[in-house]
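*Asks:* next comes the sequence, and after it the predicted model I'd like to discuss.
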Amino acid sequence: KNEVEQSPQNLTAQEGEFITINCSYSVGISALHWLQQHPGGGIVSLFMLSSGKKKHGRLIATINIQEKHSSLHITASHPRDSAVYICAPTKGYQLIWGAGTKLIIKP
Amino acid sequence: DAGVTQSPTHLIKTRGQQVTLRCSPKSGHDTVSWYQQALGQGPQFIFQYYEEEERQRGNFPDRFSGHQFPNYSSELNVNALLLGDSALYLCASSQTNEQFFGPGTRLTVL
């Protein structure tokens, strides 16, 4: 069983829709990253959180440490949000990478 | 602040050659991690450097080695290149747990 499970693997939605990506992990962690990777490779750190909820613009990330679950939400989605979104808990000094969710937002 | 920078952007080598990739961390960051991302795959942790020492290592052979300099910049060296070493090599810097990524170096081994 993978240490990090993300769902869905692929998601296609219309512009303006509310998007939710889920992440479950089985390892003990100190924090969890949500990362965005666009075609061509660049990785951007969206959030690092160890408890509760964080909001940045149209993005919201939540984490429940007891349930070992985190979610990333995108409100009022836009085609420029199309990317791969990766959940990566921090175990020790390294990130444990989820498989990623490929998100496509159609205009 | 230039953020995390990596050089070169692209590199083509042949099997058996050696390569050195470079990373300059974000200002104020003292920790550098290296990742390998093969096409269509998620990144794999190679190792992390802190205070010029390798602090943690992933499941990579000894052909992969690194170095961190007193200014916290870092190099990744790969010896005896194999076709399977073709990948995007990502560097991430951090001061606490939050990691910031560079644009990567695309290595092609022919």
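*Replies:* Nice, I can see it. Numbering: from 1, shown residues only, chains lettered A, B, ... in the order given.

*Asks:* can we go C-alpha only for contacts and neighbour counts from here?
*Replies:* Will do.

*Asks:* Three-state assignment for the residue of chain B found nearest chain A, please.
*Replies:* For chain B, the residue closest to chain A is B:Pro103, as judged by CA to the nearest CA, at 4.9 Å. Here B:Pro103 is coil, with the state taken from DSSP: H, G, I helix; E, B strand; the rest coil.

*Asks:* check contacts around it.
*Replies:* By CA atoms under 8 Å, 6 or more residues apart in numbering or on different chains, B:Pro103 lies in contact with A:Gly41, A:Gly42, A:Ile43, B:Val4, B:Thr5, B:Gln6, B:Thr9, B:Leu90, B:Cys91.

*Asks:* the same query, at a cut-off of 10 Å, please.
*Replies:* Applying CA atoms under 10 Å, 6 or more residues apart in numbering or on different chains, one finds that B:Pro103 lies in contact with A:40-44, B:3-7, B:9, B:88-92.

*Asks:* kindly report the same for A:Met48.
*Replies:* Taking CA under 10 Å, 6+ apart as the criterion, A:Met48 is in contact with A:31-35, A:54, A:61, A:87-90, B:97-99.

*Asks:* which of the contacts of B:Pro103 tops the neighbour count?
*Replies:* B:Cys91 (30 neighbours; other CA atoms under 10 Å in any protein chain shown).

*Asks:* state the helix or strand in which the nearest residue to that one once chain neighbours are set aside lies.
*Replies:* Leaving aside its sequence neighbours, B:Cys91 sits nearest to B:Trp34 (CA to CA, 6 or more residues apart in numbering or on different chains; 4.6 Å). Using DSSP states H and E, B:Trp34 maps to strand B:31-37.

*Asks:* parallel or antiparallel, which strands does the helix or strand that that strand is followed by pair with?
*Replies:* The helix or strand immediately downstream of strand B:31-37 is strand B:44-50, counting by DSSP H and E. Taking DSSP bridges as the criterion, strand B:44-50 forms sheet pairs with strand B:31-37 (antiparallel), strand B:53-57 (antiparallel).
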